[in-house]
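Visitor: Here is a sequence together with a model predicted from it:
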Protein chains: 2
Amino acid sequence: MKTVILGSGNVAYHLAKAFTEKNIPIVQVFGRNEAALKEISSLFNIPHSTSVLADADLYLIAVKDDAVAIVSEEITKKDCLVAHTSGSLPKEILKGNYRKASFYPLQTFSKTKNLVYEEIPIFIESDDAGDLEILKNLAANITEKIVLSTYEKRKYLHLTAVFACNFVNHLYARAQQLADEQQIPFEYFWPLIEETTLKIKELPPKEAQTGPAVRNDLRILQLHEELISDENSLEIYRTMNQSIKKMYEL
Amino acid sequence: MKTVILGSGNVAYHLAKAFTEKNIPIVQVFGRNEAALKEISSLFNIPHSTSVLADADLYLIAVKDDAVAIVSEEITKKDCLVAHTSGSLPKEILKGNYRKASFYPLQTFSKTKNLVYEEIPIFIESDDAGDLEILKNLAANITEKIVLSTYEKRKYLHLTAVFACNFVNHLYARAQQLADEQQIPFEYFWPLIEETTLKIKELPPKEAQTGPAVRNDLRILQLHEELISDENSLEIYRTMNQSIKKMYEL
């Protein structure tokens, strides 16, 4: 089966890497950003183009959400399968007369960071049993976790991921800002951060909650508010404590 | 040196465990909760009492913040060192004529969860060089990271920990709530959660930020708000996105 990846960002990069590592040939990476394409091309020995889309059986569109529809119009072939990798778009966003599908890897991708692909759940969607089989076989090369999904489900997967990943990272960024302001090395917090994350595999997060809000320790909550100078961090502090109190009915 | 631990909660439990594992004898665990004391006592072979405080050179008070002052009054001996383990109390909260200090391990403690004590930073404070030496020697038995601190610094350590640990855990709890509502196994998010945490060791969190807010993807932000039924989660969603936009000047 001939596969083309459209896009040259973090998701395209890691898909190219994951497939190449498993000796699954990618016939082309296609996109507009020549420098990024060249990097993928030379790292993983995959031909690239910014103008002529190669012939393939499967096209994987790994571009930003608002570019998926436009990029999908580049594919004029009819007898092929096209899947996008977005968590928040229906497969019907794809504009063409080919068969449409979704191939959503649930992970946060940065080029500079190595990943264990085997553990990344990939959510696939297609109306056709044969196409599902194609996507399943492809995904099986890089992961052990393949889940059938729908657009309805995928929207919630993505929303949940925003809480569990994007917002968590922003809390780390705000925490580092607080530490930096006091010349406290942020590395001091690494064991705490790691433990907080490891803990939820053994204890549901709702049961693992610690800290002043769940103890309803009004003295510390007041003290902390006085220590925070940044208004956004203060707003986060109040909102999170409010939400913790509500969850535990304090 | 004879050491007594006052308290029977998570911190007392783990201090008793950490010292015992390194063959540092604890002469007694003292407190009010007999069942919890008995557990520590039998697990780590440490005498316990709810009524008669043993004689010691060092007393470590590992109880809730609002109990530290009261518990500290149990120690009537003068020629001894007393340290509390709170991140948000000055050492002067200790009521007695003994020498006063602080011994603050920066970690989240749950009894059921094993910890790698060597990596936990312990912040120590005393006005006396000799007492600092005592605390440093004690801490050196269980960790490689010993840092001199002050109450001023410790307050910020604790505040930062609330963002990096307590609030992060609450985001996991809200994420699990969202997943549960859609019958999505929360385990699907474990690799994402782990990666988000691992990433900050290689990339400062401010640079690692991904997601719809930092892309200013208004379509997804709007879509997500419509998906969230719980008003606290919605409030978190709005506050975090607002803060992300401010941090990146979007």
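Guide: Nice, thanks for sending it over.

Visitor: in chain A, which spans are helices?
Guide: Ranges of helices within chain A are A:10-21, A:34-44, A:65-72, A:129-140, A:151-161, A:168-181, A:190-199, A:205-208, A:218-227, A:231-247, based on DSSP state H.

Visitor: Now that we have the ones you listed, can you turn them into a markdown table and tack on mean neighbour count and distance to residue B:18?
Guide: Backbone N, C-alpha and C define where each C-beta goes, glycine included. Below are these laid out as a markdown table (neighbours: other Cβ atoms under 10 Å in any protein chain shown; distance: least, Cβ to Cβ, whole Å):
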| stretch | mean neighbour count | distance to residue B:18 |
| --- | --- | --- |
| helix A:10-21 | 21 | 40 |
| helix A:34-44 | 16 | 45 |
| helix A:65-72 | 17 | 48 |
| helix A:129-140 | 16 | 44 |
| helix A:151-161 | 21 | 36 |
| helix A:168-181 | 23 | 25 |
| helix A:190-199 | 21 | 13 |
| helix A:205-208 | 19 | 20 |
| helix A:218-227 | 15 | 25 |
| helix A:231-247 | 19 | 28 |
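
Visitor: quick one: contacts for residue A:173?
Guide: Neighbour list for residue A:173: B:204, B:205, B:206, B:209, B:247 [criterion: Cβ atoms under 8 Å, 6 or more residues apart in numbering or on different chains].

Visitor: number of nearby residues for the fourth one?
Guide: Using other Cβ atoms under 10 Å in any protein chain shown as the criterion, residue B:209 is surrounded by 20 other residues.

Visitor: Save the helices of chain A as JSON lines, and put in mean pLDDT too.
Guide: Converted to JSON lines, those look like this (pLDDT from 0 to 100):
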{"stretch": "helix A:10-21", "mean pLDDT": "97"}
{"stretch": "helix A:34-44", "mean pLDDT": "98"}
{"stretch": "helix A:65-72", "mean pLDDT": "96"}
{"stretch": "helix A:129-140", "mean pLDDT": "98"}
{"stretch": "helix A:151-161", "mean pLDDT": "97"}
{"stretch": "helix A:168-181", "mean pLDDT": "98"}
{"stretch": "helix A:190-199", "mean pLDDT": "96"}
{"stretch": "helix A:205-208", "mean pLDDT": "95"}
{"stretch": "helix A:218-227", "mean pLDDT": "95"}
{"stretch": "helix A:231-247", "mean pLDDT": "98"}
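
Visitor: nearest to residue B:108, of those?
Guide: Nearest to residue B:108 among the helices of chain A is helix A:190-199; the distance by Cβ to Cβ comes to 5.7 Å.

Visitor: Whichever strand in chain A runs longest vs helix A:10-21, what angle?
Guide: In chain A, with assignment by DSSP state E, the single longest strand is strand A:99-105. Here strand A:99-105 runs at an angle of 90 degrees relative to helix A:10-21 (axes from the mean of the first three to the mean of the last three Cα atoms, to 10 degrees).

Visitor: Just the CA coordinates for strand A:99-105, please, in CSV.
Guide: The C-alpha coordinates for strand A:99-105 follow below in CSV (Å, rounded to 0.1, in the frame of the first residue of the first chain):
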residue,chain,number,x,y,z
ARG,A,99,-13.2,7.7,0.6
LYS,A,100,-13.0,9.7,3.8
ALA,A,101,-11.6,8.7,7.2
SER,A,102,-10.1,9.9,10.4
PHE,A,103,-6.8,8.8,12.0
TYR,A,104,-6.3,10.5,15.3
PRO,A,105,-3.3,9.8,17.5
